[in-house]
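Visitor: please find the sequence and the predicted model below.
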Amino acid sequence: MSPNSAGKAEKLGYTNVKVYHEGLPEWSKNSYSILVPQFLKEAFIDKEIPTVLLDVRPAKEAGKGFIKGAVSLPAADVEKALAKFPAKELKPPVIIYSDKSGDDAVKTAKALVKAGYKNTKIVTGGYSAWLEAKFPVETGNLNTVIAYAPKPRPGEISFADFTRIAKTAAPDVLILDVRNQDEGSSGMIKGAKLVPDEELLARLAELPKDKLIIAHCATGIRAEMAYHKLKEKGYNVKFLNAKVEIDKEGNFKLEKS
Amino acid sequence: MLHHRMSATALAAALTLGLLIAPAAQAPAQEKASAPAAPQAKPTNMKLCINCHQPQPGNLRGLFDSVAVKSQSLQIKIDDATEIVKFNPQTLTVLEGGKPADVEALRTTKRGHEVRVEYTEKDGLKTAVLISTKPLIKVAIEKLMTTAEVEKLVAMGPEKGKYTLVDARPAPRFQEGSIPTAINIPDPAFDKMAGKLPKDKSALLVFYCGGMT
């Protein structure tokens, strides 16, 4: 996109046109990015996108009014708090706001980028700009514990629910193993039915419409595809987004994929 | 992360170009079993692609989700819809940035990468014959700016640094987060929005987007 635009600018007669080709992904490795209050609200809060939203003003100040979902982390305490942050491998969007000057937000953002959080943003204009936009605020006690859980993919079943269901062999649930025949022959979960993902659509008649179907495979990938296929055909279905290891006896081990 | 909201400007641009199609039916968020869903017209182009590409028969444009080599299927995300396409590893053409690649290369294709899939359809089943990841556009080396150079400019600010930094991505992406001091001129809307550029034609303009696209 950017090289295209640069070409168009040159056609208009601009003589000093450059392209930062590595663009935002590379920028975010070393620096924070910014967003305005309206898009904090519309692109994240209204859509319930999981984020780490930090209010870095002094706790007393923050208590008088803050943005929904914010965690109080006064700028001075950032280094101490790093140990309790969600793992950087989860790549949580970290969104920071302070007062109008933004100095505390910048300081905090820099510390977080340095610590490896490569999706760190500052809200332009901070809490004052949020107020000016007349967006809703909350008062009282702010959360001080940072909790972050990535949004599950549509149709995902939790490990806990899957394990419980697999162990109780509920009559209204079918565990559907969508691996290949040879993978299934080295061990299957008790009570599971094996229909390889590639045969699924041809063998729909074998699947019950009155039960919850939970698809699994070895990695979660084929299970998710099976989920989408069955969902489209009107089945009540979920899938296990996990690496699954099953031994000869049907004991299984789940691991995040 | 995906955001499908079109900004007023992108919308205006799309309308001007006559490219806006009716919002595609989205899969209902139902979890319980119900009457078999009536066949829905699924979108073949994700909304972001419609800025530049009109839907073509036999083509899908969306974001790569996953590949299952064992069951020979690709999963492509087109806005809120998910499309699963079979393929034959012996005959599938894989193009990575325009260069032929092996089917195995799909295993390392990143989730969320923009792709185009050519397919044939029989009995409602789509079979991919080609998958192409977005090609790189070459930029002359003297026109390239490094991260360090951009950081230096941004630290000075547009007035002192005498620059205009332009984010060429679609508005919804810009809104999720941009480089400080940047203005947004989405590439497809360039002609309409060129008035945002400085009057002085010798002024430094720096364009960026979401990486090597």
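Guide: Okay, I see it.

Visitor: what sits against the closest residue to B:Asp102 other than its chain neighbours?
Guide: Among residues not flanking B:Asp102 along the chain, B:Val94 sits closest, at 6.6 Å (C-beta to C-beta, 6 or more residues apart in numbering or on different chains). For every residue, glycine as well, the C-beta is placed using N, CA and C. The neighbours of B:Val94, taking C-beta atoms under 8 Å, 6 or more residues apart in numbering or on different chains as the test, are B:Pro100, B:Ala101, B:Asp102, B:Val103, B:Ala105, B:Leu106, B:Leu130, B:Ile131, B:Ser132.

Visitor: quick one, phi/psi of B:Val94?
Guide: phi -110, psi 120 (degrees, to the nearest 10).

Visitor: ok, and the helix or strand in chain B with the lowest average confidence?
Guide: Using mean pLDDT, DSSP states H and E, the weakest-scoring helix or strand in chain B turns out to be helix B:8-16, at a mean of 40.

Visitor: whichever helix or strand comes after it: how far from the chain's middle?
Guide: Per DSSP states H and E, the first helix or strand lying C-terminal to helix B:8-16 is helix B:47-50. The chain centroid and the centroid of helix B:47-50 are separated by 7 Å, computed with C-alpha atoms, centre = their mean, to the nearest Å.

Visitor: mind listing what's buried along the helix or strand hosting A:Ala62?
Guide: Using DSSP H and E, the element containing A:Ala62 is helix A:59-63. Buried residues in helix A:59-63, counted by 16 or more other C-beta atoms under 10 Å in any protein chain shown: A:Ala62.

Visitor: before we move on, what about stretch B:171-188?
Guide: Buried positions in stretch B:171-188, judged by neighbour count with 16+ other C-beta under 10 Å: B:171-182, B:184-188.

Visitor: quick one: end-to-end length of it, please.
Guide: By C-alpha to C-alpha, to the nearest Å, the extent of stretch B:171-188 from end to end equals 11 Å.

Visitor: how about stretch A:182-189?
Guide: Between the start and the finish of stretch A:182-189 there is a gap of 14 Å, counting by C-alpha to C-alpha.

Visitor: also stretch B:163-173?
Guide: Stretch B:163-173 end-to-end distance (C-alpha to C-alpha) = 22 Å.

Visitor: just to revisit the earlier point, so which of the buried residues of stretch B:171-188 are also by chain A?
Guide: Checked against chain A using C-beta under 8 Å from any C-beta of the partner chain, the buried residues of stretch B:171-188 yield the following neighbours: B:Pro172, B:Gln175, B:Glu176, B:Gly177, B:Ser178, B:Ile179, B:Pro180, B:Ile185, B:Pro186, B:Asp187.

Visitor: nearest to B:Gly211, of those?
Guide: Distance to B:Gly211, by C-beta to C-beta, is smallest for B:Ile179 among those, at 12.7 Å.

Visitor: shouldn't that closest one be in contact with A:Asn30?
Guide: No - if you go by C-beta atoms under 8 Å, B:Ile179 and A:Asn30 don't touch, sitting 11.0 Å apart.

Visitor: and the furthest pair within the ones next to chain A among the buried residues of stretch B:171-188?
Guide: With C-beta to C-beta as the measure, no two of these lie farther apart than B:Pro180 and B:Asp187, at 20.7 Å.

Visitor: list the contacts for the residue positioned nearest the centre of chain A?
Guide: Centroid check for chain A by C-alpha atoms, centre = their mean gives A:Pro150 as the closest residue, at 3.1 Å. By C-beta under 8 Å, 6+ apart, A:Pro150 lies in contact with A:Pro50, A:Leu90, A:Pro92.

Visitor: of these, closest to chain B?
Guide: For those, the minimum distance to chain B (C-beta to the nearest C-beta) is 9.8 Å, reached by A:Pro50.

Visitor: spatially nearest residue to that closest one (excluding sequence neighbours)?
Guide: Leaving out its chain neighbours, the residue that sits closest to A:Pro50 by C-beta to C-beta, 6+ apart is A:Lys151, at 5.5 Å.

Visitor: check for me that that neighbour belongs to a helix.
Guide: No - counting by DSSP: H, G, I helix; E, B strand; the rest coil, A:Lys151 falls outside a helix, being coil.

Visitor: for the helix holding A:Ala62, which helices and strands make contact with it?
Guide: In terms of contacts (3 or more C-beta pairs under 8 Å, 6 or more residues apart in numbering or on different chains; DSSP states H and E), helix A:59-63 is packed against strand A:71-72.

Visitor: and the strand it packs on, what does it pack onto?
Guide: On a contact count with 3+ C-beta pairs under 8 Å, 6+ apart, strand A:71-72 meets strand A:52-55, helix A:59-63.

Visitor: what does the longest one rub up against?
Guide: Where contact means C-beta under 8 Å, 6+ apart, the residues beyond helix A:59-63 that reach it are A:Asp55, A:Ala70, A:Ser72, A:Pro74, A:Asp99, A:Thr139, A:Gly140, A:Asn141, A:Leu142.

Visitor: next one: the first one
Guide: Contact partners of strand A:52-55, identified using C-beta under 8 Å, 6+ apart, comprise A:44, A:62, A:66-67, A:69-73, A:85-86, A:92-98, A:108, A:127, A:142, A:146, A:148.

Visitor: list the buried residues in it.
Guide: A:Val52, A:Leu53, A:Leu54, A:Asp55.

Visitor: quick check: the farthest pair among those residues?
Guide: A:Val52 and A:Asp55 (11.1 Å).

Visitor: what about the strands in the chain?
Guide: Just going to use chain A. Counting by DSSP state E, chain A has strands at residues A:16-20, A:33-35, A:52-55, A:71-72, A:94-97, A:120-123, A:173-177, A:193-194, A:212-216, A:237-239, A:242-246, A:252-256.

Visitor: wait, chain B
Guide: Using DSSP E, the strands of chain B run over B:59-68, B:73-78, B:81-87, B:93-96, B:99-101, B:114-122, B:125-133, B:163-167, B:183-184, B:204-208.
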